[in-house]
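Engineer: this one's sequence-less:
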């Protein structure tokens, strides 16, 4: 869908530029935007390499395992039906930790593995539609929905992406966004928790 939206916007811009005699401006904008995109990608690769490296060090040092144990009560509170010791809990915890640290790139693999394990869990419960062959539509379980809501609304202590963007585009104080980001994501996470528990209570 987004491909159609962006494609339509580009097409409208080209048509409008040709009708108004401003094709040169359209061409220059396309070239300038391409150059900026490459520059931004290089910046983000550097930031990603730094934080992914720090995450690797934290994992080797045993910090990730400690943090996983520390948030275990929260995971049990949000996912009471996932058995203790199940692989899904580990990947959910890793995803939450990466999100809290602002490492969107690091949380994606853990999130995908968590969804796979949740699908297997539903299959073990006898809900075979959660583990389907290619071409068949998957149905999201309750745990999957809760996980996605938490993932989207996640608290972030260090908004790495936003800091990198602000630095790239010349902000004098790129890190000043940290306090507002913590406040905003704390509110969104609280809203997500309240919604998920209220929904679970209603279903019961």
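Structural biologist: Noted; the coordinates are in hand. This one's a predicted model, so the numbers in the text were calculated from it and none came from an experiment.
Engineer: and the nearest residue in space to residue 51 that is not next to it in sequence, what does it touch?
Structural biologist: Spatial nearest neighbour of residue 51, chain neighbours left out: residue 103 (5.3 Å); criterion: CB to CB, 6 or more residues apart in numbering. For the C-beta atoms, the positions are set from N, CA and C on the backbone; glycine is no exception. By CB atoms under 8 Å, 6 or more residues apart in numbering, residue 103 lies in contact with 51, 52, 55, 160.
Engineer: could you check the pLDDT of the third one?
Structural biologist: Residue-level confidence at residue 55 comes out at 73, pLDDT.
Engineer: does it lie in a helix or a strand, and which?
Structural biologist: helix 23-60 (DSSP states H and E).
Engineer: and that helix, what does it pack against?
Structural biologist: Applying 3 or more CB pairs under 8 Å, 6 or more residues apart in numbering; DSSP states H and E, one finds that helix 23-60 contacts helix 2-19, helix 63-70, helix 104-124, helix 160-168.
Engineer: buried ones from the contacts of residue 103, can you make that a PyMOL selection?
Structural biologist: Burial among the contacts of residue 103 is assessed by 16 or more other CB atoms under 10 Å; the matching PyMOL selection reads:
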select buried, resi 51+55+160
